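Structure for this input, please:
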Amino acid sequence: MERFAMPKKPSIIPIRSVGRRRVSDDIAEQLSTMIIGGRLPVGAKLPTEAELVRDFGAGRSAVREAIAQLREAGLVESRHGVGAFVCSPVAATGFKIDPKTLSSLAHLRQLLELRMEIEVGGASMAARRRTLTQLQKIEIALADVKEALAQGAAALPEQRAFHQAVAVATNNPYFRDLLQFLYERIDAGIAEDLANSVLRGDGPQCIGRELNIVFEAIRIGDPDKARRAAWNHLLRTADRLGLRGLQGWEESRMTSLGEVKIPFCEAADLEPYAPQFTPPPGATDCHAHIFGPDAKYPYTPHRTYTPPEASEEQYFHMLDRLGLSRGVIVQPSVYGQDNRCTLDVVRRHPDRLRAVVVVDESVSEKELEQMHDAGARGVRLNLLFRSGVEVSDVRRIADKIAALGWHLQMLIDVSEFADIRDTLGRLPVETVFDHLGHMPTSAGTNHPGFQEMLSLVADGKSWVKLSGSYRITGENETPYSDIAPFAREIIRANPERVLWATDWPHPYINVDMPNDGALLNMLDDWAPDAATRDRILADNPARLYGFDTTQI
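Residues are numbered from 1 along each chain as shown. You can find the predicted model right below:
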């Protein structure tokens, strides 16, 4: 150790004799172990070339090649005319994969296991976040793979392009860049082995089918199916390379696994208590859901949760206990674009209920008119995960519903959506932000995204729902004190563009189930002025949803 820090003193570092493999590799390995282990500290100068030749009993060419390996690995840096020095800890411990090691089955197995863990998660994320443009690029890449395979090629560049397109669709640059890093080293290390494995037996047909299943899962937005499809493809890739049993998952073990269990939600508190103030006539809950019965309105198999039945009778009981006159039923994700449950209940109560539905750009004018007659007054778009909806589609849907006087309701995290004002402020319809902008309270009210949302509200271009507080709070129980600054800033921006809602029956939350009376009491804290509170509860929703204003 002192020898390297102070070269003039005798060496006290134990150096073993080099083995029979390449001398330069052995020297590089011993020095890198000392560096990473801290025996050669950051900034320490390595011994001179002559001293290393003497200590290792090796030739000058072997020492020079070893130092070159350390330099390429980022462990040392050369300073002209001075010598080689140990780099910073980040560089010294930097992640690296040497393609030459992939000739070893042990190293290859480890790399494929790493790739499995990353790509499985990436496919799941892509199923949730991909845009339509990204989906089209994945589909094009898949077609290229199939065409190359059909022509008798191994299609390695095409397969890599497919996986890279999936990685891009995660909308996470770390996934994209890490997978690019892996593919480059795999190509450099085992391209020939991969090509041979693809062309062996029925490999081409299997690969086409495997990647098609991955694509279909991403297309329908099913993250669990995408996860399993990617997992299966990588297991089969390992099989083709002669690495059966990758990660310990034998075929019999994998096929014994059932479908991923969709979590069940806790039921709402069916005994809400009366609030501490009296709501005005026409007071409206602007965001709630009706679930079931499942036999009549089956849930989509691609849902992320299973709610308990929440009937219109239970909902009206909650409204009556809180002293609310009206409600807005919002299409929940568990029904996808099957709006029957939502529209049927609203159609039965035209004086008390309105609906917000989920459609895509293919919806016809006739279908929209039928929904309008049933009580629909808006379309909800999920931009939180961008599951099949992107900004260009927002404009197309907005153009379709403008003539009906509908609005677009956005499920969006305003802290992660760039250019909110430029994107949404130019639409031909009014926009409504769900759940206070769905931004975690830890981001603070000064966050640019939150401020952009406030500017749209202040200018009268958008509305905000004071709802779903438990989805963004850092606390577990009402009154969620960290929500208050956000709610007050929203009200201060423009009280004529603010709505309030329960989000009943509070599906898929990770806090204690709140009582709806407690949620309404929070509004009393945010807006203690009765006139402002009455505007939020009655006047504003009557204007937005087209309720009878003579009853207010």
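
can we go C-alpha only for contacts and neighbour counts from here?
Fine.

Point out where the stretch 51-200 of the chain drops to low pLDDT.
88-109, 185-191, 193-194 (pLDDT under 70).

now the strands for it?
Ranges of strands in the stretch 51-200 of the chain, per DSSP state E, counting those that start in this stretch, are 76-79, 83-86.

who's in contact with the last one?
Think strand 83-86. With contact meaning C-alpha atoms under 8 Å, 6 or more residues apart in numbering, strand 83-86 is reached by 35, 40-46, 48, 75-79, 92.

Which strands and helices lie in contact with the biggest strand by length in the chain?
Counting residues, the longest strand in the chain under DSSP state E turns out to be strand 376-382. Judged by 3 or more C-alpha pairs under 8 Å, 6 or more residues apart in numbering; DSSP states H and E, the packing partners of strand 376-382 are strand 353-357, strand 407-411.

Could you pull out the buried residues of the helix or strand just after the first one?
If I follow you right, that is strand 353-357. Per DSSP states H and E, the first helix or strand lying C-terminal to strand 353-357 is helix 365-374. For helix 365-374, burial by neighbour count (16 or more other C-alpha atoms under 10 Å) applies to 368, 371-372, 374.

State the distance from Asp224 to Pro301.
11 Å (C-alpha to C-alpha, to the nearest Å).

So which of these two has more stuff around it?
Using other C-alpha atoms under 10 Å as the criterion, Asp224 and Pro301 rank with Asp224 on top: 24 against 13.

what's the helix or strand for that one?
Going by DSSP H and E, Asp224 is part of helix 223-240.

what is the mean pLDDT for that helix?
In this model, helix 223-240 has an average pLDDT of 84.

In that helix, which residues are buried?
For helix 223-240, by 16+ other C-alpha under 10 Å, it's 223-238, 240.

check contacts around Ser197.
Going by C-alpha under 8 Å, 6+ apart, the list of residues near Ser197 reads 203, 240-241.

Go again with 7 Å.
240-241 (C-alpha atoms under 7 Å, 6 or more residues apart in numbering).

Look up how far Gln164 lies from it.
Ser197 is 20 Å from Gln164, by C-alpha to C-alpha.

contacting residues around stretch 543-552?
Outside of stretch 543-552, the residues within contact range by C-alpha under 7 Å, 6+ apart are 281-282, 354, 377, 542.

nearest to Leu319, of these?
Gly282 (11.4 Å; C-alpha to C-alpha).

did I read that right, the closest one in a strand?
No: under DSSP: H, G, I helix; E, B strand; the rest coil, Gly282 sits outside any strand and is assigned coil.

give the contact list for it.
Contacts of Gly282 by C-alpha under 7 Å, 6+ apart are 325-326, 538, 551-552.

In helices, which of the residues you listed appear?
Under the assignment DSSP state H, those contribute nothing to helices.

Return the member of these nearest to Val511.
Checking the contacts of Gly282 one by one against Val511 (C-alpha to C-alpha), the nearest turns out to be Arg326, at 26.7 Å.

For the closest one, list each beta-bridge partner.
Thr284 (DSSP bridges).

Go ahead and confirm it touches Pro281.
No: the criterion here is C-alpha atoms under 7 Å, and Arg326 misses it with Pro281 at 9.5 Å.

what about the two, which has more around it?
Using other C-alpha under 10 Å as the criterion, Arg326 and Pro281 rank with Arg326 on top: 25 against 17.

mind checking how far the more buried one is from Phe291?
Taken as C-alpha to C-alpha, the span from Arg326 to Phe291 is 18 Å.

What is the burial count for the nearest residue to Ile509 once chain neighbours are set aside?
Counting by C-alpha to C-alpha, 6 or more residues apart in numbering, Ile509 lies nearest to Arg471, which is 6.7 Å off, once chain neighbours are set aside. Residues near Arg471, counting by other C-alpha under 10 Å, number 19.

I'd like the distance between Arg471 and Asp419.
Noted for Arg471: a distance of 23 Å to Asp419, by C-alpha to C-alpha.

circling back to that earlier point, what does the helix or strand following the longest strand of the chain rub up against?
For strand 376-382, the following helix or strand on the C-terminal side (DSSP H and E) is helix 391-401. Helix 391-401 is contacted from outside by 361, 427-429, using C-alpha under 7 Å, 6+ apart.

which of the helices and strands packed on strand 376-382 sits most buried?
The highest average neighbour count among the helices and strands packed on strand 376-382, using mean count of other C-alpha atoms under 10 Å, belongs to strand 353-357 at a mean of 28.

picking that back up, just the buried residues from the contacts of strand 83-86, in PyMOL please.
Filtering the contacts of strand 83-86 down to the buried ones (16+ other C-alpha under 10 Å) takes a single PyMOL command:
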select buried, resi 35+40+41+42+44+45+46+75+76+77+78+92
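
biggest separation within the contacts of strand 83-86, which pair?
Longest span within those, C-alpha to C-alpha: Thr48 and Ala92, 20.0 Å.

Run through the stretch 351-500 of the chain and note the low-pLDDT ranges.
For the stretch 351-500 of the chain (pLDDT under 70), the answer is 384-392, 418.

Adding distance to Glu29, write the contacts of stretch 543-552 out as TSV.
Below are those laid out as TSV (distance: C-alpha to C-alpha, whole Å):
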residue	distance to Glu29
Pro281	79
Gly282	77
Arg354	71
Arg377	69
Ala542	74
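
Select, from the residues you listed, the two members most distant in space.
Maximum pairwise distance among the contacts of stretch 543-552 (C-alpha to C-alpha): 21.2 Å, between Pro281 and Arg377.

picking up where we left off before, how near is the residue nearest to Ile509 to Asp482?
12 Å.

And Lys268, what's its pLDDT?
For the record, residue 268 is Ala, not Lys. 96.

pretty sure it is touching Pro505, no?
Yes: here Ala268 lies in contact with Pro505, judged by C-alpha under 7 Å, at a distance of 5.0 Å.

Same drill for these two, tell me which one is more crowded.
Using other C-alpha under 10 Å as the criterion, Ala268 and Pro505 rank with Pro505 on top: 28 against 19.

element containing the closest residue to Ala374 other than its chain neighbours, please.
Nearest residue to Ala374, sequence neighbours excluded (C-alpha to C-alpha, 6+ apart): Arg347, at 5.0 Å. When elements are assigned from DSSP H and E, Arg347 belongs to helix 340-348.

cool, Thr431 as well?
Element membership for Thr431 (DSSP H and E) is strand 430-433.

chain center to that strand: distance?
Distance of strand 430-433 from its chain centroid, counting by C-alpha atoms, centre = their mean, to the nearest Å, is 23 Å.

Check stretch 122-129 too.
Using C-alpha atoms, centre = their mean, the offset of stretch 122-129 from its chain centre is 7 Å.
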